[in-house]
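**Student:** structure for the following, please:
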Amino acid sequence: MKKTYKLSWLAVASIATYAIIAVASDLFANKMLSIGGLALAGGILLVPFSFTIRDMMHKLIGFENAKRVVWVTAIINLVIAALLIVLDMMPSAVPGQDALWHSVMGTSWRIIIASFIAQVVADLMDTYSFEFFTRKLHGKKIWLRVAASNLISTPIDSILFSVIAFLGVLPIDVMVNSIISSIIVKFVISLFAIPLAYTHEKTLKEDE
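**Tutor:** The predicted structure follows:
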């Protein structure tokens, strides 16, 4: 018999949080941060949390619904990016505001495409891998399922975004070092986010 999922307040909160983080991480990608002497896209602060929140959402609403949320969120991201570009092209009534807005919110299509592809592919891989490990572990050891799926999705996200956004722009050695550093930082941050995956325990009353 097919399992049904109750759309609890926690499920709604997880979907909303995932969408907010996904959109914000793309905006954060416009700023390069210096962390420990490394140049990393600002989205690195949020992306690891999106994977863990997505895993929690997956547990609450199911595999198929989680995939739908990933796709809808990606499309929303694309629409917001397009609207920001249109707004950037429109003349401002305040002198000097155009340059200020463009310097902060101006986004190239290459960055947008890189963010879109990386998000969709990485989040779908996280969804499929979490489902795979859930079946292999019979729904137990959620910490291991989250860590294992994040270990797969974080490299995919870092590699796709960096290659699509920066290939031909940055020297190869710089880009490779940035990718490796990004993978390590994202995975470490994702480990700290694992406790979030247990938030749903009292709601579902399932033994993990």
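**Student:** got the buried residues for stretch 69-76?
**Tutor:** By neighbour count with 16 or more other CB atoms under 10 Å, stretch 69-76 contains the buried residues 69, 70, 73, 74. From N, CA and C alone the C-beta is placed, and that goes for glycine too.
**Student:** next SSE downstream of the helix or strand harbouring residue 117?
**Tutor:** Secondary structure assigned from DSSP states H and E places residue 117 in helix 109-136. The first helix or strand that comes after helix 109-136 along the chain, using DSSP H and E, is helix 142-166.
**Student:** and whichever helix or strand comes after that next one with helix 109-136, angle?
**Tutor:** Downstream of helix 142-166, the next assigned helix or strand under DSSP H and E is helix 172-193. Angle between the axes of helix 172-193 and helix 109-136 is 50 degrees (criterion: axes from the mean of the first three to the mean of the last three CA atoms, to 10 degrees).
**Student:** by mean pLDDT, flag the weakest helix or strand of the protein.
**Tutor:** helix 201-204 (a mean of 48; mean pLDDT, DSSP states H and E).
**Student:** tell me if residue 10 really is in a strand.
**Tutor:** No - counting by DSSP: H, G, I helix; E, B strand; the rest coil, one finds residue 10 to be helix, located in no strand.
**Student:** hmm, back to that, buried ones in the helix holding residue 117?
**Tutor:** Quick answer for helix 109-136 (16+ other CB under 10 Å): 111-112, 114-131, 133-134.
**Student:** what do you get for stretch 178-193?
**Tutor:** Of the residues in stretch 178-193, those buried (16+ other CB under 10 Å) are 178, 179, 181, 182, 183, 185, 186, 187, 189, 190, 191, 193.
**Student:** can I assume the third one is in contact with residue 41?
**Tutor:** No - in this structure residue 181 lies outside contact range of residue 41 using CB atoms under 8 Å: 10.9 Å.
**Student:** and for these two, which residues touch both?
**Tutor:** Both residue 181 and residue 41 lack any common contacting residue under the criterion CB atoms under 8 Å, 6 or more residues apart in numbering.
**Student:** most centrally placed residue in the protein?
**Tutor:** Centroid-nearest residue in the chain: residue 47, 4.0 Å away (criterion: CA atoms, centre = their mean).
**Student:** dump the residue contacts of that residue.
**Tutor:** Residue 47 neighbours (CB under 8 Å, 6+ apart): 21, 25, 154, 157, 186.
**Student:** farthest pair in these?
**Tutor:** 21 and 154 (14.4 Å; CB to CB).
**Student:** okay, residue 159: pLDDT?
**Tutor:** Per-residue pLDDT puts residue 159 at 91.
**Student:** show me where pLDDT drops low in this structure?
**Tutor:** 1-6, 30, 35-39, 100-108, 197-208 (pLDDT under 70).
**Student:** mind putting the buried residues of stretch 69-76 into TSV with distance to residue 138 and secondary structure?
**Tutor:** As requested, the buried residues of stretch 69-76 are exported to TSV (distance: CB to CB, whole Å; DSSP: H, G, I helix; E, B strand; the rest coil):
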residue	distance to residue 138	secondary structure
69	24	helix
70	24	helix
73	29	helix
74	31	helix
